[in-house]
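A.B. asks: From the sequence below, what's the structure:
(one chain, ligands or ions: 1)
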Amino acid sequence: MNIGYDLDGVVLKLGECINKYILDKYNHVIDVTKVEDYDDFITLIEGCKKGAVHDFSEGDMGHVQRVRPYEHAVDVINKRFSEGHKIYFITARYQEAPTLESLKNLGIMYTDIYFAHADDKYKVIKDLNLDFYIDDRLETLISIYERNIRLVFVIRDQPWNRNKDHPLHFVRVRSLTEYDYLIEKFLEMYRMTID
Ligand SMILES: [Mg+2]
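C.D. replies: Residues are numbered from 1 along each chain as shown. Next up is the predicted model:
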């Protein structure tokens, strides 16, 4: 199987990292549970101090490397990789070197990684011929779906993607363990059809 993953908000806890950065630097606490739109996330950070987002993304790259993974994320990805599945990361980050370093330090195994603007991810995903893709930005998933690229669309549940309309067959999960369970179910069905 060709399995795709967004990084931040799916594999890695970017929210936690941004919170710590804003708290350390501006002594301001962000309540991510109140962020109802992905773009509000940015606005909310900017609300604490003009330019804070710019500081975060342009400043010390060390914080990018300090982002921690969600529980069990590394294990479920590495297990699928060791089984021979293709693991692709598609991220809207542009800090390539620190991101690669971070993945290496975390011991995450993968086939390849692509850096693309959130609204351009469909271009990468189309060429990869993915079977599954998970993202926490609903607008990104919809932009792929609207281009008639067919795969299993999975939303990583986050406050900024709740209470929004989306195609009924998008699957919502609360962890990569749930995502992996879904993949396992498809694999079981596939095995049954070739038996
Ligand atoms: Mg994300």
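A.B. asks: contacts, neighbours, all on C-alpha from now
C.D. replies: Noted.
A.B. asks: show me the contacts for whichever residue of the chain sits closest to the ion.
C.D. replies: Across the chain, no residue is closer to the ion than Asp8, which sits at 4.1 Å (CA to the ion). Counting by CA atoms under 8 Å, 6 or more residues apart in numbering, Asp8 touches Leu14, Thr91.
A.B. asks: mind running it again at 10 Å?
C.D. replies: Each residue near Asp8 by CA atoms under 10 Å, 6 or more residues apart in numbering is listed here: 14-15, 67-70, 90-93, 135-137.
A.B. asks: Now Leu7: closest residue in space, sequence neighbours ignored.
C.D. replies: Excluding its sequence neighbours, the residue lying closest to Leu7 (CA to CA, 6 or more residues apart in numbering) is Thr91, at 5.7 Å.
A.B. asks: What values do phi and psi take at the one you found?
C.D. replies: Thr91 adopts backbone torsions of phi -130, psi 150, taken as degrees, to the nearest 10.
A.B. asks: Would you check that it makes contact with Ile125?
C.D. replies: No - between Thr91 and Ile125 there is no contact, the gap being 11.1 Å when judged by CA atoms under 10 Å.
A.B. asks: shared neighbours, the two?
C.D. replies: Shared contacts of Thr91 and Ile125 (CA under 10 Å, 6+ apart): Tyr114.
A.B. asks: Got the domain ranges for this structure?
C.D. replies: Following automatic domain parsing, the chain resolves into domains at 2-13+67-194, 14-65.
A.B. asks: what's the spatially most central residue of the chain in contact with, if anything?
C.D. replies: In the chain, the residue lying closest to the centroid (CA atoms, centre = their mean) is Asp6, at 2.9 Å. Asp6 sits next to 12, 88-93, 113-114, 118, 121, 133-137, 156 when contact means CA under 10 Å, 6+ apart.
A.B. asks: Fine by me, thanks again.
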